[in-house]
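Enquirer: sequence and predicted structure, then a few things I'm wondering about:
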Amino acid sequence: MSSKRIEEIANVAIRFAGDSGDGMQLTGTKFTEATALAGNDLSTFPDYPAEIRAPAGSIAGVSGFQIHFASRDIRTPADAPDVLVAMNPAALKANIADLRPQGLLIINSDAFTDRNLKLAHYDEDPLPRLREQFTLVEIPMTRLNREAVKDLTFSQREADRSRNFFALGLMYWLYGRPLDATVQWIKSNFKGETQEANRRVLLAGYHFGETTELFPVSYVVPSAKIEPGRYRNITGNQALAWGIVAAGVQMGRPVFLGAYPITPASDVLHELTRFRHFGVKTFQAEDEIAAAAAAIGAAYAGQLALCTTSGPGMVLKQEALNLAIMTELPLVIIDVQRAGPSTGMPTKVEQGDLLLAMFGRNSDSPLPVIAASTPGDCFHAVLDAFRIAVKYMTPVVVLSDAYLANSSEPWRIPDADSLPRTPVALRKDPSGFEPYARNPETLARDWVAPGTPGLEHRIGGLEKEDVTGGISYSPANHARMQELRVEKVARVAQDVPPAEPTGPDRGDLLVVGWGSTQGAILSAVEEAQGRGHTVSALHLRWLSPLPANLGDVLGRFRRVLVPELNGGQLAMLLRATYLVDAHSLSKVAGQPFKVREIGARIDALLSGEA
Amino acid sequence: MTAQKPAAGLSKRDFTSDQDVRWCPGCGDYSILSNVQKVMPELGVPREKVVFVSGIGCSSRFPYYMNTYGFHTIHGRAPAFATGIKIARPDLSVWVVTGDGDGLSIGGNHLLHTIRRNLDLQILLFNNRVYGLTKGQYSPTSRLGMKSKSSPQGTIDHPVDPVRFALGAGATFVARTVDVDAKHMQETLHRAHAHKGTAFVEILQNCPVFNDGEWAEVEDKKTRDSASLVLRQGQPLVFGDDENRQGIRSEHGRPRLIPLPPGVDPVEAGVTVHDERTDSVAYSYVLAALARPKFPMPIGVFRAVGRPTYEDLLQDQIDEALQQRGRGDLRALLTSGDTWTVGG
């Protein structure tokens, strides 16, 4: 065995791409886990089609997983991968435009048959041209894989399923990742010959890297200096589910989820069904409307109730949400946003539901809206949403998106004891009870569950008389109740921390964002500061109500830029609310921002070109 | 606030709220409300454990008039709200009040799924075969050809029958009663409450303003004996007055009329004996398909069979999870699986 040179690098981004049946998401996830164990900071971006198994070899069926890891703090999965592993021509075609110039391109050369080239709409062999632009390494992965498992009784078709483990093993060697955890995982997740095949092929890929002349160098990415603590990898959807469980524990109430399957939110339902021993009841309803209705029923019955959904489902829930606003019941609605109107692109990211969440109901019907900014922040956003929902007796919308849902990052595990404990007290005392009497500070009415003696009362969607809750058509009363509902949500600002820009608190430009764009915005702003610009970033967590000092903060900057994965919804809100000349940087491609896209707009604005 | 009295000591008045009832004079809903208020204290359920849930429509004003917990929700969705309430709190006695438009048009989907899940709920569907609150459009149960504000030339949609709908959805308890028949309605409400599972009750209800006399044949004391067939468990399917007594025999899924002259024993004459507990839903369906004017309209319990309720099955799963995994521990959850420590 030759001993090869090992080179130290600060960061690298790798993209695995193949057929959606090739196991690319699994490969990416395992590489991510090994990378986390190696102590790097990391950020991932799984990108896959909505079709479960599009025809093999077709561009529609290409599934990708990008991981960026480093020996320093990073916030995005990187604009352009340094390495592309393409398992077939379609994967190559769909991803090659992103690979950085002179980047490392590793292909499964066995898959580059005439038939597959044709399926990928290549008229001629693309490899000669690519050899000039990239460092192309051609590896006959299919054959090497079959060789490794040839003495097993597998059919060739079954044997070929292990191919992704070959690519994984090879990348483990190339970037010095530990194998043990993955070997252990294979042992506990597969049986018999499948287990043996996956294990062997993983090692075969690793040893191939070690012995082949194709790779003269391997790399090491030293561990990052990150805040001390215990860490785990977490995706946004998993963090949402765990945040929901934590809310039940910290607030001391049972949890009820009403949900209807919808991409990309379904994983939250799946995850929560595992927590019946935490007192979590999950209900898969017949449709989005029933899911919301059942959750409101559970909230009325005194439980911490929520719904999980995505755009089309969010639309269907609006009538039910308005009933929760009218009856002033606590409820959390999680919208994992996806791209486009109608069905759109269910697995792709967009921040298109902000105005829907805020204004998508008949009449003036405000509710608080909070947006999570990282996968780990999904955990805390849910906890905050429940706290506000119960404190102010109101439905609260949590906005996540398809990017946060599936991306993962190392997450510093919070100490369970340090999480806020906010036990909920339902009203039991019948003396002086009025259904719509309010707490003078929060304007919340009392939460009373059926089953409480002496507090029998009726609520519903008809306009209520102030205090008594009797049905009322009085003009003055309706005006008063509209005002109270608006004022109650405005008072949530008491619980919204003041806006604090990252960077100087006054200057030439403030870049304002919300949700999953935080990593790209912060990276772009830091880079711009490095180029000498007086620019700061401000990321909004609560979008309704906005922080009380936001107007003042905006006023301290000469210009305001609002990058969003929509047509400019927050920009519209800021312009309308503060009469500020906010510039919108809009991207609606179903993909997250690249840092350089934001950086270019910052430069253009500050050089007076835009 | 009055101190809580034991359920046994409650009277009809205790279940009557202070709200003015706002249905039209002569509306069948008054009688239904009065009978429900009468039955409530007899059920032995403390008042605070009773919840009435409704959708939108004339019938759905019902909860405001009951001095229990009440939730007037949105159009068609009452069964879904009730589902959330019952799953959250299986100890509550949950009653859904709906109508033919609310329950079978906009809410048909929820009614179907709630019935098949068999939560322990009572669903009272007031069927007046017309939209009252929106002032007189035809409903999904309106007779074919009915002329209404939205069908001046007569309806062209085939109606749905609530009882057959419920049977088709897999209901474990299905009954029909009539707004003016206080005794029968009270008896039916008792049966519905006693049933463990979803009890679906169609109540034939007159709308004196937009569809007056729709059920006259079965409401009028003069005609009801010949126009309706009262179902009694273990009793032969016999209707009509003494002079014109007839029986019904279910033959290979088809009903046949059997004349019963005085002195003839119905069972010996081959009349089918009613069995609400039979495994075969086909029998109940044949009964439900009996239609005027050839056949009498059946009144009573079509079907009453046992099946585990949704909330009990869910509780079984929770108990199993607790037994296998113990009570959930947040710290253990957060640190489960692969974790690593970065030193300080």
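Expert: Arrived safely, thanks for sending.

Enquirer: what number of residues lie near A:Pro420?
Expert: Applying other C-beta atoms under 10 Å in any protein chain shown, we find 11 residues neighbouring A:Pro420. Quick note: C-beta positions are derived from backbone N, CA and C, even for glycine.

Enquirer: could you do the one 3 residues further on as well?
Expert: In terms of burial, A:Pro423 registers 8 neighbours under the definition other C-beta under 10 Å.

Enquirer: my read: it touches A:Gly248, true?
Expert: No - if you go by C-beta atoms under 8 Å, A:Pro423 and A:Gly248 don't touch, sitting 11.5 Å apart.

Enquirer: roughly how far apart are A:Leu37 and chain B?
Expert: 6 Å (C-beta to the nearest C-beta, to the nearest Å).

Enquirer: that residue is in contact with A:Pro178, isn't it?
Expert: Yes - using C-beta under 8 Å, A:Leu37 makes contact with A:Pro178 at a distance of 5.8 Å.

Enquirer: tell me which of the two has more neighbours.
Expert: Just comparing A:Leu37 and A:Pro178: by other C-beta under 10 Å the higher neighbour count belongs to A:Leu37, 19 against 13.

Enquirer: in stretch A:360-372, what's buried?
Expert: Neighbour-count burial for stretch A:360-372, with 16 or more other C-beta atoms under 10 Å in any protein chain shown as criterion, is recorded at A:Gly360, A:Arg361, A:Ser365, A:Pro366, A:Leu367, A:Pro368, A:Val369, A:Ile370, A:Ala371, A:Ala372.

Enquirer: hmm, that stretch touching chain B?
Expert: No - Stretch A:360-372 lies out of reach of chain B by C-beta under 8 Å from any C-beta of the partner chain, never closer than 11.4 Å.

Enquirer: distance from that stretch to the middle of the chain?
Expert: Here stretch A:360-372 is found 21 Å from its chain centre; the criterion is C-alpha atoms, centre = their mean, to the nearest Å.

Enquirer: gap between the two ends of that stretch?
Expert: Terminal residues of stretch A:360-372 lie 20 Å apart, using C-alpha to C-alpha, to the nearest Å.

Enquirer: just the strands from the stretch 101-250 of chain B, written as ranges.
Expert: B:121-127, B:173-178, B:199-204, B:228-230, B:238-239, B:246-251 (DSSP state E, counting those that start in this stretch).

Enquirer: sorry, slip of the keys, the one I care about is the stretch 401-550 of chain A.
Expert: Assigned by DSSP E, counting those that start in this stretch, the strands in the stretch 401-550 of chain A fall at A:408-412, A:458-460, A:507-514, A:535-540, A:542-544.

Enquirer: of those strands, which is nearest chain B?
Expert: strand A:458-460 (2.7 Å; C-beta to the nearest C-beta).

Enquirer: near chain A, which residues of the stretch 101-250 of chain B show up?
Expert: So the stretch 101-250 of chain B meets chain A at B:Asn109, B:His110, B:Leu112, B:His113 (C-beta under 8 Å from any C-beta).

Enquirer: could you look up the SS state of the residue of the stretch 251-400 of chain A found nearest chain B?
Expert: Nearest residue of the stretch 251-400 of chain A to chain B: A:Gly297, at 2.6 Å (C-beta to the nearest C-beta). Classification of A:Gly297 using DSSP: H, G, I helix; E, B strand; the rest coil returns helix.

Enquirer: burial count for the closest residue to it other than its chain neighbours?
Expert: Using C-beta to C-beta, 6 or more residues apart in numbering or on different chains and skipping the chain neighbours, the partner closest in space to A:Gly297 is B:Gly84 (2.6 Å). Around B:Gly84 sit 30 other residues, with neighbours defined as other C-beta under 10 Å.

Enquirer: end to end, how far does stretch B:19-38 reach?
Expert: Stretch B:19-38: ends 17 Å apart by C-alpha to C-alpha.

Enquirer: which other residues reach it?
Expert: Under the criterion C-beta atoms under 8 Å, 6 or more residues apart in numbering or on different chains, residues A:458, A:470-471, B:12, B:15-16, B:58-59, B:61-62, B:64-66, B:124, B:126, B:128, B:132, B:179-180, B:182, B:185-186, B:189, B:203-209 lie in contact with stretch B:19-38.
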